[in-house]
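# The following comprises the amino acid sequence and a computationally predicted model.
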Amino acid sequence: MTAPKKLFIKTYGCQMNVYDSERMAEALGGQGYVETATPEDADMILLNTCHIREKAAEKVYSELGRFKGLKAENPDLKIGVAGCVAQAEGQEIMRRQPLVDLVVGPQSYHRLPEMEARTRAGEKALDTDFPEEDKFEALKSRPKAARGPTAFLTVQEGCDKFCAFCVVPYTRGAEVSRPADRILTEARDLVDRGVREITLLGQNVNAYHGAGPDGDMTLAQLIWALDKVDGLERIRFTTSHPNDMSEDLIAAHGDCAKLMPYLHLPVQSGSDKILKRMNRSHTADSYFRLIERIRAARPDILLSGDFIVGFPEETEADFQATMDLVEEVGYGYAYSFKYSTRPGTPAAERAQVDEDVKSERLHRLQGLITRQQRAIQDGMVGREVSVLFEKQGRFDGQMVGKSEYLHAVHVNDAKVDIGALCRVRITGSGSNSLAGEIVAAS
Ligand code: 5AD
Ligand code: SF4
């Protein structure tokens, strides 16, 4: 028997890339590859890239440069670029970095086995198509390895919203929803392999409208179908757009016990002028009213968001409106970014805000968000939460898991297994995690 070839995958960007990397590893598993944690002993290196901000793309080129030595030592080493930078820059990557053997976009990675074979024959392989066939179905022959207790499951891809700053509609293409029966089959398979919590993924996940037994299903209907899967204990979904928070999805947050009280609902800005220029088609006020309805359905829900500061033509008053919105909503988590020009998007052509103004605004916003995050986390002390344990902690006997609110929680000297779901009383709040004591296994 020949020794297995080794595959090193480095994943950048969003959770959808994490899911895609798992699928790519499975696709190449059929070619005799096993994953390795280090690039040094790899026969193939794949960078699964993100194009959402400029820095993310530049990181890929500097990372590729670092593999020069490895390739010189091992000429049989194949280097590939996957994901959204691959989609956006395709040929340009091969031109700029000749040590790249393979470039594969996010819609065609089921063709990796055949592409890998071509690279072994000494050719370069590039595929950034949007093929007709369903890449998820084409990858059915996956090995049934045991899994940790949490998993991602992509249910929807692409976006038709065309926010003026965003490359996603160009790199991931138009919105496509997977049929519900395939998602349910994949979910049952994950549960059989030890998964107890599934996060449904999509660039616009709450716009889900996949085919079901009686016509198209909404995300809420899909969640209710997953609710019936025995052994699946927790359901999450991300990322949502405010305009697609339908009534049934809001209601599910109150009625579906398996749906966790956490919602990532990016608003990007608190200024109506900027929201209009971003092509967001909602206002700060309509967002507030939406949050009110969601909180009426599930009062303890923890909200998270994304914000962009320094979007073209953002004034200090516009920025202040974002700060006011954050104050009013109260976020448990929030991700904030300086606006980054993306070639080909409408906002790239507009009058840009100075870099140091962006930096200063980001600093203020992040200060506010951190204070809110800490206050919400500190407010958990004394409360009882449910924790799904995922791994051992840094210290002997320490176990770490996530609460229903997605806070990391660690307990000491507890006899709990990975995958256990327990009631935990929170006893302390650190900078990024909570400490607790087991009350009962649930
Ligand atoms: N510049 C800065 N942030 C961006 N995002 C998307 N495009 C850009 C850009 N050009 C942010 C948005 C989005 C998150 C995934 O990334 O906040 O919600
Ligand atoms: Fe990008 Fe999200 Fe806007 Fe779609 S809804 S264009 S993915 S920011």
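Great, that's in hand. Ligands and ions are numbered 1, 2, ... in the order given.
# can you list the domain ranges for the chain.
5-127, 144-260, 384-441 (automatic domain parsing).
# Work out the gap between the second one and the centre of the chain.
Remark: domain 144-260 is offset 12 Å from the chain centroid, using CA atoms, centre = their mean, to the nearest Å.
# and Ser386, what does it touch?
Going by CB atoms under 8 Å, 6 or more residues apart in numbering, Ser386 touches Ser403, Glu404, Leu421, Cys422, Arg423, Val424, Ser442. Glycine gets a C-beta too; all of them are placed from N, C-alpha and C.
# try it again with 7 Å
Ser403, Glu404, Leu421, Arg423, Ser442 (CB atoms under 7 Å, 6 or more residues apart in numbering).
# Ok, Val424 next?
Counting by CB under 7 Å, 6+ apart, Val424 has contacts Glu384, Val385, Val387, Val409, Val411, Gly436, Glu437, Ile438, Val439.
# What are the phi and psi values at the third one?
What that stands for is Val387. Torsion angles at Val387 (phi, psi; degrees, to the nearest 10) stand at phi -120, psi 130.
# Verify the stated contact: it with Gly401.
Yes - applying CB atoms under 7 Å, one finds Val387 in contact with Gly401, separated by 4.2 Å.
# So what touches the longest helix seen in the chain?
Counting residues, the longest helix found in the chain (DSSP state H) is helix 355-378. For helix 355-378, contacts defined as CB under 7 Å, 6+ apart pick out 302, 307, 309-310, 319, 322-323, 326, 330-334, 336, 338-339, 407, 429, 434.
# Specify the local secondary structure of Ile426.
Put simply, Ile426 is strand when judged by DSSP: H, G, I helix; E, B strand; the rest coil.
# Counting neighbours, what do you get for it?
Using other CB atoms under 10 Å, Ile426 is surrounded by 22 other residues.
# Let me have the domains of the chain in CSV, adding distance to Leu275 as columns.
Formatted as CSV, the domains of the chain follow (distance: least, CB to CB, whole Å):
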stretch, distance to Leu275
domain 5-127, 19
domain 144-260, 10
domain 384-441, 26
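# Out of those domains, which is closest to ligand 2?
Counting by CB to the nearest ligand atom, ligand 2 lies closest to domain 144-260 out of these; the figure is 3.1 Å.
# Is ligand 1 within reach of that closest one?
Yes - using CB under 6 Å from any ligand atom, domain 144-260 reaches ligand 1 at Phe165, Cys166.
# Check what pLDDT the residue of the chain at minimum distance from ligand 1 gets.
Nearest residue of the chain to ligand 1: Asp306, at 3.3 Å (CB to the nearest ligand atom). Model confidence at Asp306, expressed as pLDDT, equals 98.
# Can I take it that it is in a helix?
No - counting by three-state DSSP, Asp306 falls outside a helix, being strand.
# thinking again about what came up before, out of the contacts of helix 355-378, which are inside strands?
Here DSSP state E is the test, and these give Leu302, Phe307, Val309, Tyr333, Ala334, Ser336, Lys338, Ser429, Leu434 as lying in strands.
# Now rank those residues by neighbours and give me the top one.
Val309 leads the ones in strands among the contacts of helix 355-378 on contacts (other CB under 10 Å) with 27 neighbours.
# re the thing from before, so the residue of the chain closest to ligand 1 bridges to which residues?
Judged by DSSP bridges, the bridge partners of Asp306 are Tyr335.
# burial count for it?
For Asp306, using other CB under 10 Å, the count is 14.
# what residues are up against it?
Contacts of Asp306 (CB under 7 Å, 6+ apart): Pro266, Gln268, Tyr335.
# Would you mind trimming the residues you listed to those in range of ligand 2?
Within those, nothing lies near ligand 2 by CB under 6 Å from any ligand atom.
# Just the buried subset of those residues, written out for PyMOL, thanks.
Buried residues within those, by 16 or more other CB atoms under 10 Å, are selected in PyMOL with:
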select buried, resi 266+268
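# low pLDDT regions in the stretch 201-350 of the chain?
Nowhere does the stretch 201-350 of the chain drop to pLDDT under 70.
# Looks to me like Glu292 is in a strand.
No - counting by three-state DSSP, one finds Glu292 to be helix, located in no strand.
# how much space between it and ligand 2?
22 Å (CB to the nearest ligand atom, to the nearest Å).
# Looking at the contacts of Ser386, which are in strands?
Ser403, Leu421, Arg423.
# Scan these and report the most crowded one.
Neighbour max across those (other CB under 10 Å) = Ser403, 23 neighbours.
# That residue - nearest residue in space that isn't next to it in sequence?
Of all residues not flanking Ser403 in the chain, Val385 sits nearest, at 4.0 Å (CB to CB, 6 or more residues apart in numbering).
# So which bits of the strand or helix carrying the one you found are buried?
Using DSSP states H and E, the element containing Val385 is strand 384-392. Residues of strand 384-392 classed as buried: Val385, Ser386, Val387, Leu388, Phe389, Glu390 (neighbour count, 16+ other CB under 10 Å).
# For the longest helix of the chain, C-alpha coordinates in PDB please.
Output in PDB follows, covering the C-alpha atoms of helix 355-378 (Å, rounded to 0.1, in the frame of the first residue of the first chain):
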ATOM      1  CA  GLU A 355      -7.600  56.400   6.100                       C
ATOM      2  CA  ASP A 356      -6.700  58.000   9.500                       C
ATOM      3  CA  VAL A 357     -10.300  59.200   9.900                       C
ATOM      4  CA  LYS A 358     -11.500  55.600   9.300                       C
ATOM      5  CA  SER A 359      -9.000  54.300  11.800                       C
ATOM      6  CA  GLU A 360     -10.100  56.800  14.400                       C
ATOM      7  CA  ARG A 361     -13.800  56.000  13.900                       C
ATOM      8  CA  LEU A 362     -13.100  52.300  14.000                       C
ATOM      9  CA  HIS A 363     -11.300  52.700  17.300                       C
ATOM     10  CA  ARG A 364     -14.200  54.600  18.900                       C
ATOM     11  CA  LEU A 365     -16.800  52.100  17.600                       C
ATOM     12  CA  GLN A 366     -14.700  49.100  18.700                       C
ATOM     13  CA  GLY A 367     -14.400  50.700  22.200                       C
ATOM     14  CA  LEU A 368     -18.200  51.000  22.500                       C
ATOM     15  CA  ILE A 369     -18.800  47.400  21.200                       C
ATOM     16  CA  THR A 370     -16.200  45.900  23.600                       C
ATOM     17  CA  ARG A 371     -17.900  47.700  26.500                       C
ATOM     18  CA  GLN A 372     -21.300  46.300  25.400                       C
ATOM     19  CA  GLN A 373     -19.900  42.800  24.900                       C
ATOM     20  CA  ARG A 374     -18.300  42.800  28.300                       C
ATOM     21  CA  ALA A 375     -21.400  44.200  30.000                       C
ATOM     22  CA  ILE A 376     -23.600  41.500  28.500                       C
ATOM     23  CA  GLN A 377     -21.100  38.800  29.300                       C
ATOM     24  CA  ASP A 378     -20.700  40.100  32.900                       C
END
